[in-house]
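Enquirer: Build me a structure from this.
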Amino acid sequence: MVQAKNSVLGITALVMGCCIGAGMLGLPLVTMSSGFVLSIIPLLIGWIYMYLSGLMLVEIYVDVKKDTNLMGLLNEILGKRAKIIGAGLFFFLFYSILTAYLNVSTILIQLAFNKIFKTNIAQSFYLLFNALILFVIILCNVRKIDLINRFFILCMLFFYIGLVYLGFSQINIASLRPLKPSPNISTIVWAIPIFILSFGFQNLIPTISHYLQCNIKKIKLAIFQGTFATFLIYLLWNFVVLMVVSNKEQEMVGTGSKAIHTLFNSSSPKLNLFIEGFSFCAIVTSILAVALSLLNFISNSSKTQKNNISYAALTIIPPAIFSFLNPDIFLTMLHLAGGIGAVCLFGIYPPMMLWKKRYILKIRNAKAFPFEKPAIIFYVLISIIIVVLEIINLTYKPI
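Expert: Numbers count the residues shown, from 1 in each chain. Purely as a prediction, here's the structure:
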């Protein structure tokens, strides 16, 4: 009994660790104009949307009963063509995320060096420096990377606790309200893709299911606990950050690197230190996980898996080029990753697989997703709407 509880607790922590990362930095940036209260709406939507996506994948995986990943599930249920498209979406999603993380970590390094050494070196120099360090790290063995990751997780926890403690001593109630009496609803809609991306854990489903021996009750409990705890952490993070930023600074926040500069210079020096420290640690842990996932996916997609330097170069160089071409690409790439990559891969494919499994193949051995046809159809429609709106926003309202 104790072992079972520990297993569920361990998976809960794993889900939280997968969700919480550098995407957090984008949450206050896209909700400043709407204020804290209205920011709860996209937060709830993102959590429920990705939680249900996870339940669909759990049901599919448990019924298939094969030791495979998401691409294997796509091939098993929807066929080879779906697997090829899914692989393309995976590359799109992870390159977008890695570009965003590389870009924002470069901005933070630039900010830190400029403050400490009173320099004004171009961002492109720090980008090259950052990319080279990441390139060297992902060539290390997994054990060394794990130790680096654990260190930064502990630092992240320290900075988060300090941030919350100090933040509550600098409450600015005016910042919790929207800038305008009737904020544009589009600001809330515009934030949804980034909140969706911030609850991504679906790639863990095979690991979770195998570890908990395909026990649906335990798997659902672990996923709920992990995503709900993430929801609470995001809620508190957004509350603390938004309440220490004055309305005047919210109006000046801008986009891209300007937004990040404003965010990190909007309160006392001590609180700024904790915001920057937490953000940097979250980015390091996230960028390591994403870079390794992409590296492994590239190597597993190749006929030979021995060219580690080539695979590492394919992992790092494209995001570095994108970040070099547009130094303010952080929020744009988060939107692309969340509104297109994550929604297509985790919001359209899972209900398609579930529909075929339940209603065409008539396989209903397990039931993790609690709803039937109307809910599945509604979920797909919502996913399509999000993708269409995201494409419209990025086309006609570039960040």
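
Enquirer: Show me the shaky parts of the stretch 151-300 of the chain.
Expert: Counting by pLDDT under 70, the stretch 151-300 of the chain shows low-confidence ranges at 170-185, 245-268.

Enquirer: hmm, try it at 80
Expert: For the stretch 151-300 of the chain, residues meeting the criterion pLDDT under 80 lie at 167-187, 242-272, 299-300.

Enquirer: Please enumerate the strands of the stretch 51-200 of the chain.
Expert: With strands called from DSSP state E, counting those that start in this stretch, the stretch 51-200 of the chain shows none.

Enquirer: Show me the helices in it, by range?
Expert: Applying DSSP state H, counting those that start in this stretch to the stretch 51-200 of the chain gives helices spanning 70-77, 80-117, 123-138, 142-167, 185-197.

Enquirer: Quick check: buried residues in the third one?
Expert: Looking back up the chat, that one is helix 123-138. Under the neighbour-count criterion of 16 or more other CB atoms under 10 Å, helix 123-138 has 123, 126-127, 130-131, 134-135, 137-138 buried. C-beta: built from backbone N, CA, C; applies to glycine.

Enquirer: same for the helix or strand hosting residue 321, what does it pack against?
Expert: Residue 321 belongs to helix 308-325 when assigned by DSSP states H and E. The contact analysis (3 or more CB pairs under 8 Å, 6 or more residues apart in numbering; DSSP states H and E) places helix 308-325 against helix 80-117, helix 123-138, helix 269-300.

Enquirer: Can you give me the buried ones in that helix?
Expert: For helix 308-325, by 16+ other CB under 10 Å, it's 311-312, 314-316, 319-320, 322-324.

Enquirer: Torsion angles phi and psi at the spatially most central residue of the chain?
Expert: In the chain, the centroid-proximal residue (CA atoms, centre = their mean) is residue 198; its distance is 3.6 Å. With angles defined as degrees, to the nearest 10, residue 198 sits at phi -80, psi 0.

Enquirer: Show the contacting residues for it.
Expert: Neighbour list for residue 198: 19, 21, 23-24, 26-27, 46, 230, 234, 338 [criterion: CB atoms under 8 Å, 6 or more residues apart in numbering].

Enquirer: rerun that using 10 Å as the cut-off
Expert: By CB atoms under 10 Å, 6 or more residues apart in numbering, the contact list for residue 198 reads 19-27, 42-43, 46-47, 50, 230-231, 234, 334, 338, 342.

Enquirer: Narrow those to those in helices?
Expert: If you go by DSSP state H, these have 19, 26-27, 42-43, 46-47, 50, 230-231, 234, 334 in helices.

Enquirer: And these, which two are furthest apart?
Expert: Across these, the longest distance by CB to CB is 18.4 Å; it joins 231 and 334.

Enquirer: Stretch 40-56: which residues count as buried?
Expert: 40-43, 45-47, 49-56.

Enquirer: which of those residues lies closest to residue 279?
Expert: Looking across these and measuring by CB to CB, the closest to residue 279 is residue 43, at 18.3 Å.
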